[in-house]
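**Student:** Next input, structure requested:
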Amino acid sequence: MTSRRSAAAGDDDTALTTIPSSLREVQQPPRTFRDVVPRQAQFPLAVATSFAMASLGYSLLGELTNGELAALSRSQDTWAEVSLLAGWRVIELTLGWYGKLDSLDVAMLNLLAHGPHYYLLSTFYELNWTISASALAIDVLSIAVPFFLLRPLSTIHTPSAAAAAGLPNRELLDLPLQTYTAALSTGIYTVVLVLSLRFILPRILVVNYSGVPTLEPAYNASYAAILPVTTLFGIAASTFIFAPFATTARAKEDDKLNEFDPVAASLGETVWWNVWGYTVKTKVVIRRTIVVALVTAVNTFLASSKTLYRVDASGAAVYAGVWAFAAICSGIGLGFVGGD
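**Tutor:** Predicted coordinates:
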């Protein structure tokens with residue numbers, strides 16, 4: 001009798017301490033889509049998904065709007081032009097992927113880069129603003145969605161992860177300061193754009209954009225009128241540039257800057273120090289500002305010169321330069337706010 005009770009007690013103990021295999025399987029975290037896709041296949045898949053989404057989105061937009069956007073856009077005459085535009089799209093994806101950007105980063109970058117073209121269409125080519133906004137959304141989502149599926153959000157853009165990881169200066173990501181930096185960028189974009197509309201762009205649009213039906217928005221430009229547009233650009237610039245810059249901690253490399261001796265340094269070391277002798281934190285804001293200005297300039301230039309009728313390359317370059325200059329000024333302003 002005793003042995004039976006002991007065996008039963010042993011069975012009870014085993015039942016309390018042993019976890020069934022089915023329960024262990026349930027407790028394992030589920031695998032995400034990015035875990036299933038091999039690492040080597042992730043970037044090619046992101047490129048293919050981006051092109052497919054953009055093609056599907058524009059086809060659907062054309063059907064729903066009776067081809068209003070297509071009526072303003074010329075088709076590419078040669079394979080060289082097709083390859084140029086497709087190649088630039090791949091370069092945009094490459095910069096984002098190998099630059100370690102997450103989906104929010106590439107969304108903000110593409111809003112800054114593609115927005116100027118649709119502002120031109122809705123303001124001076126009289127394209128319905130809902131169509132322009134829809135086309136911009138297609139451009140942004142066709143890049144952001146593949147990144148979202150294949151790459152997690154960075155710690156900077158995840159408040160809970162930022163707190164858990166002890167992210168430096170994470171208090172700078174609080175809503176009040178984010179609102180302040182977005183307002184600063186908005187103000188910079190607004191001033192640059194209004195002054196350009198009044199003193200630079202009217203002549204450029206008349207001489208180099210032969211298909212523009214009206215210049216009235218340029219002559220009637222006011223700060224209040226363009227504020228809804230520049231607010232979007234200000235938020236995007238602040239999100240892309242300020243947050244990664246402000247939360248960058250001091251690195252060991254920064255100590256070497258204080259040890260630099262211009263008397264004992266060689267010519268090459270002196271040139272390097274003058275050109276790139278900045279702290280790691282400052283280099284972040286410089287890199288991101290350059291990326292925004294470069295991508296904005298190239299994309300806006302190609303969109304005007306290769307997809308619109310009767311647009312000269314020189315005029316497209318000036319129009320692109322206005323937006324690139326606004327991005328540079330915004331980066332400089334944000335650099336002063338978040339500097340040490």
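**Student:** which residues touch the nearest residue to residue 295 once chain neighbours are set aside?
**Tutor:** Distances taken as CB to CB, 6 or more residues apart in numbering put residue 113 closest to residue 295, at 4.5 Å, once the chain neighbours are dropped. For glycine as for every other residue, the C-beta is placed from the backbone atoms N, C-alpha and C. Going by CB atoms under 8 Å, 6 or more residues apart in numbering, residue 113 touches 92, 292, 295, 296, 299, 300.
**Student:** and after the helix or strand containing the first one, which helix or strand comes next?
**Tutor:** Following DSSP states H and E, the helix or strand that holds residue 92 is helix 79-98. Sequence order places helix 103-124 as the next helix or strand after helix 79-98, per DSSP H and E.
**Student:** between that following helix and helix 79-98, how big is the angle?
**Tutor:** 140 degrees (axes from the mean of the first three to the mean of the last three CA atoms, to 10 degrees).
**Student:** quick check: mean pLDDT across helix 103-124?
**Tutor:** For helix 103-124, mean pLDDT is 97.
**Student:** Tell me where the chain has strands.
**Tutor:** With DSSP state E as the definition, the chain shows no strands.
**Student:** so what's the most centrally placed residue in it closest to, chain neighbours aside?
**Tutor:** Residue closest to the mean C-alpha point of the chain, counted by CA atoms, centre = their mean, is residue 109 at 2.0 Å. Distances taken as CB to CB, 6+ apart place residue 240 nearest to residue 109, at 5.7 Å, with adjacent residues excluded.
**Student:** contacting residues around that neighbour?
**Tutor:** Here residue 240 is in contact with 105, 108, 109, 112, 288, 292 (CB under 8 Å, 6+ apart).
**Student:** Could you give the number of residues near residue 279?
**Tutor:** Neighbourhood size, residue 279 [other CB atoms under 10 Å]: 16.
**Student:** Listing request: residues of the protein with sub-threshold pLDDT.
**Tutor:** By pLDDT under 70, the low-scoring segments of the chain are 1-30, 160-166, 254, 339-340.
**Student:** Where is the longest helix in it?
**Tutor:** Looking across the chain with DSSP state H, the single longest helix is helix 280-307.
**Student:** Tell me the helices and strands packed up against that helix.
**Tutor:** Judged by 3 or more CB pairs under 8 Å, 6 or more residues apart in numbering; DSSP states H and E, helix 280-307 is in contact with helix 79-98, helix 103-124, helix 243-246, helix 253-258, helix 313-338.
**Student:** Apply 7 Å and report the result again.
**Tutor:** Packing partners of helix 280-307 (3 or more CB pairs under 7 Å, 6 or more residues apart in numbering; DSSP states H and E): helix 79-98, helix 103-124, helix 243-246, helix 313-338.
**Student:** residues of it that come out buried?
**Tutor:** 281-286, 288-289, 291-293, 295-307 (16 or more other CB atoms under 10 Å).
**Student:** tell me the angle of that helix relative to helix 103-124?
**Tutor:** Helix 280-307 and helix 103-124 are oriented at 40 degrees to each other (the same axes, to 10 degrees).
**Student:** Run the angle between helix 280-307 and helix 313-338 for me.
**Tutor:** Relative orientation of helix 280-307 versus helix 313-338 (the same axes, to 10 degrees): 160 degrees.
**Student:** Tabulate the contacts of residue 113 (JSON lines), appending distance to residue 69.
**Tutor:** Converted to JSON lines, those look like this (distance: CB to CB, whole Å):
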{"residue": "92", "distance to residue 69": "20"}
{"residue": "292", "distance to residue 69": "25"}
{"residue": "295", "distance to residue 69": "22"}
{"residue": "296", "distance to residue 69": "21"}
{"residue": "299", "distance to residue 69": "17"}
{"residue": "300", "distance to residue 69": "17"}
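**Student:** Closest one of those residues to residue 205?
**Tutor:** residue 300 (14.0 Å; CB to CB).
**Student:** so the closest one makes contact with residue 320?
**Tutor:** Yes - counting by CB atoms under 7 Å, residue 300 does reach residue 320; the two are 3.8 Å apart.
**Student:** Can I get stretch 177-192 as PDB, trimmed to CA atoms?
**Tutor:** In PDB, the C-alpha atoms belonging to stretch 177-192 read as follows (Å, rounded to 0.1, in the frame of the first residue of the first chain):
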ATOM      1  CA  LEU A 177      10.600  69.000 -28.200                       C
ATOM      2  CA  GLN A 178       9.600  67.000 -31.300                       C
ATOM      3  CA  THR A 179       6.900  69.600 -31.900                       C
ATOM      4  CA  TYR A 180       9.400  72.400 -31.500                       C
ATOM      5  CA  THR A 181      11.900  70.900 -34.000                       C
ATOM      6  CA  ALA A 182       9.100  70.100 -36.500                       C
ATOM      7  CA  ALA A 183       8.000  73.800 -36.200                       C
ATOM      8  CA  LEU A 184      11.600  75.000 -36.800                       C
ATOM      9  CA  SER A 185      11.900  72.900 -39.900                       C
ATOM     10  CA  THR A 186       8.500  74.000 -41.100                       C
ATOM     11  CA  GLY A 187       9.500  77.600 -40.700                       C
ATOM     12  CA  ILE A 188      12.700  77.100 -42.700                       C
ATOM     13  CA  TYR A 189      10.900  75.300 -45.500                       C
ATOM     14  CA  THR A 190       8.200  78.000 -45.500                       C
ATOM     15  CA  VAL A 191      10.600  80.900 -45.700                       C
ATOM     16  CA  VAL A 192      12.700  79.300 -48.400                       C
END
